[in-house]
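Enquirer: Sequence and predicted structure are below.
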Amino acid sequence: MAIDPKYRIIAGLIGALALVALVAHIAQRSGRSGLVSALWWSRGYFTILTAVLTAATFLLIAWTGRRLPYGWMGMLTMSMIMVAVVYHVMLAHLFNPQGLRGWTNQVFHTLLPAAVLWFWLMEVTRHDPRTPARPLTWIFWPLGYGIYVLLRGAFTGWYPYPFLNVARLGWEGVLPNLAGLLAGFLALAYLMDYLGQRMPLRNQRDAR
């Protein structure tokens, strides 16, 4: 289904913001360790990987002028919200980046989550037909990331987040953390779908 032109423009702006932040992030990391190392290091972070999905998703919407499935947009929005929540609750106090790094940090953890949530509320949830939602499937992305980062850490000894650091916490410390995070993702998925299915629909003129 075609998207309203104004939301197509907004999608392009969100996608461009994510892309610019990603390029700036890789550029500053490359200056310290080289491009290959920067790309390998960045692929360890859920924040960066989800920002890549965000850039690709919103630029695709802007390019094609078509909506993506409700389930995909719900999964992406849920993931961006959790990026913001986990960072601001569990990680923000650990460091205080400045300059360009501080800007990209705020884009990834504050501006993008807010923009994606706004888009989901104002555009994604306002149109019929809404496909039958299966929020349980929305956690496949964070679950897949959890498996990936633990396997990666087992081979490299490096873990991107302190609450997933098996080397320091042991499996008995990490598995409850991972289970708690997945429970948070799942609870948010069902809450979002409950709210999304009950958002007021736009009339057909507004939907075109």
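Expert: Noted; the coordinates are in hand.

Enquirer: Nearest spatial neighbour of residue 91, chain-adjacent residues omitted?
Expert: Take residue 91 and drop its neighbours on the chain: the residue closest to it by Cβ to Cβ, 6 or more residues apart in numbering is residue 161, 7.4 Å away. No exception for glycine: its C-beta is placed from N, CA and C like everyone else's.

Enquirer: If you could redo that for residue 109, that was the one I meant.
Expert: residue 87 (4.2 Å).

Enquirer: Counting neighbours, what do you get for the one you found?
Expert: Burial measure for residue 87: 18 neighbouring residues, criterion other Cβ atoms under 10 Å.

Enquirer: Would you agree it falls within a helix?
Expert: Yes. Under the criterion used here (DSSP: H, G, I helix; E, B strand; the rest coil), residue 87 sits inside a helix.

Enquirer: Model confidence for the residue nearest to residue 91, exactly?
Expert: Per-residue confidence for residue 161 comes out at a pLDDT of 93.

Enquirer: residues of stretch 156-173 that come out buried?
Expert: Of the residues in stretch 156-173, 159, 160, 161, 163, 164, 165, 166, 169 count as buried by neighbour count, 16 or more other Cβ atoms under 10 Å.

Enquirer: Which one of these is nearest to residue 140?
Expert: residue 164 (18.0 Å; Cβ to Cβ).

Enquirer: Return the distance of that closest one relative to residue 151.
Expert: To residue 151, residue 164 is 12 Å away according to Cβ to Cβ, to the nearest Å.

Enquirer: got it, and residue 103?
Expert: 32 Å.

Enquirer: Which of the two has more residues huddled nearby?
Expert: More neighbours sit around residue 103 than around the other of residue 103 and residue 151, counting by other Cβ under 10 Å; the figures are 16 against 10.

Enquirer: wouldn't the more buried one be in contact with residue 24 here?
Expert: Yes. If you go by Cβ atoms under 8 Å, residue 103 and residue 24 touch, sitting 7.4 Å apart.

Enquirer: Run through this structure and note the low-pLDDT ranges.
Expert: Along the chain, the parts satisfying pLDDT under 70 run over 203-208.
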